[in-house]
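Novice: build me a structure from this.
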Amino acid sequence: MKAIWKGQIIAESDNTVVVEGNHYFPAGSIKKEFFKESTKNTSCPWKGVASYYHIEVGGNVNEDAAWHYPDPKEAAKEIKDHLAFWKGVEVTS
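Specialist: All right, here's what the predicted structure looks like:
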């Protein structure tokens with residue numbers, strides 16, 4: 001699977017975990033130079049507290065376009081150290 005924004009591959013992995021229709025990419029599969037930490041957090045009743053990243057490609061910023069669960073609840077333990085995408089990031093095989 002590949003995550004692409006503005007024509008740039010920002011993550012690529014053969015080992016994504018699919019939860020609620022979202023592909024969660026292993027943290028080691030992202031291209032860190034395109035990710036900047038965000039202060040945004042949200043809460044999911046069964047996954048826990050999510051943290052976000054802004055994605056920056058060629059001077060374009062996609063705010064809070066990637067998220068992860070640093071300390072997921074037991075029911076979501078398989079997505080620990082994984083990131084998922086939205087807000088126009090294309091996830092394709």
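Novice: heading C-terminal from the strand or helix carrying residue 23, find the next helix or strand.
Specialist: Counting by DSSP states H and E, the element that carries residue 23 is strand 22-26. Later in the chain than strand 22-26, the nearest helix or strand by DSSP H and E is strand 35-44.
Novice: and the next element down the chain from that next one?
Specialist: Reading on from strand 35-44 to the C-terminus, the next helix or strand found by DSSP H and E is strand 48-57.
Novice: what residues of that next one count as buried?
Specialist: Under the neighbour-count criterion of 16 or more other C-beta atoms under 10 Å, strand 48-57 has 48, 50, 51, 52, 53, 54, 55, 56, 57 buried. Bear in mind the C-beta positions are built from the backbone N, C-alpha and C, glycine included.
Novice: would you list the residues you listed in a markdown table and tack on pLDDT and distance to residue 76?
Specialist: As requested, these are exported to a markdown table (pLDDT from 0 to 100; distance: C-beta to C-beta, whole Å):
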| residue | pLDDT | distance to residue 76 |
| --- | --- | --- |
| 48 | 98 | 7 |
| 50 | 98 | 10 |
| 51 | 98 | 14 |
| 52 | 98 | 16 |
| 53 | 98 | 18 |
| 54 | 98 | 23 |
| 55 | 98 | 23 |
| 56 | 98 | 27 |
| 57 | 98 | 28 |
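Novice: and which of the residues you listed is nearest to residue 33?
Specialist: residue 56 (8.7 Å; C-beta to C-beta).
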